[in-house]
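Q: What follows is a predicted structure for the sequence shown.
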Amino acid sequence: MKTTTIEIENLKCGGCAATIKKGLLSLEAVNDVAIDVEKSLVCITSENEDDSFVKEKLSKLGYPPVGDKNTVIHKAKSFVSCAVGRIDS
């Protein structure tokens, strides 16, 4: 088991957090996800030593890791997933 903390872009609220948690828990190797909305941190417990698949999923959801490109497309995806997360939670 490996625990990794990733600082991400575009995290605004609990709706975003709900979408991120649901998306990451859908990955086979991810066992647990904790999100700190105020600090924009995602903490993942995974069976996989390589966390690149988690970073890729975060980016696809619209929440790229700090230091990666944060394009208009990422921002638009995060806006939509934020809204969906608010509805689902």
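A: In hand now; what should we look at?
Q: What's the biggest helix in this protein, counting residues?
A: The helix that spans the most residues within the chain, counting by DSSP state H, is helix 72-88.
Q: roughly how far is it from the heart of the chain?
A: 11 Å (Cα atoms, centre = their mean, to the nearest Å).
Q: Stretch 80-89 too?
A: Using Cα atoms, centre = their mean, the offset of stretch 80-89 from its chain centre is 13 Å.
Q: can you check stretch 20-31 too?
A: 9 Å.
Q: in the longest helix of the chain, what's buried?
A: His74, Lys77, Ser78, Ser81, Cys82, Gly85 (16 or more other Cβ atoms under 10 Å). Where you see a C-beta, it was placed from the backbone N, CA and C, and this is true even at glycine.
Q: if I pick the second one, what's in contact with it?
A: Listed by Cβ atoms under 8 Å, 6 or more residues apart in numbering, the contact set of Lys77 reads Lys60, Leu61, Gly62.
Q: ditto for the first one
A: For His74, the residues meeting the contact criterion (Cβ under 8 Å, 6+ apart) are Glu9, Asn10, Ser59, Gly62, Tyr63, Pro64.
Q: which two in the residues you listed are spaced the farthest apart?
A: Within the contacts of His74, two members stand farthest from each other by Cβ to Cβ: Asn10 and Ser59, at 10.3 Å.
Q: so where's the protein uncertain?
A: Scanning the chain for pLDDT under 70 picks out 85, 88-89.
Q: would you list every one of the strands in it?
A: 2-7, 30-36, 41-46 (DSSP state E).
Q: Would you mind giving the ones you listed as JSON lines with distance to Val54 added?
A: Compiled in JSON lines, the strands of the chain are given as follows (distance: least, Cβ to Cβ, whole Å):
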{"stretch": "strand 2-7", "distance to Val54": "7"}
{"stretch": "strand 30-36", "distance to Val54": "7"}
{"stretch": "strand 41-46", "distance to Val54": "5"}
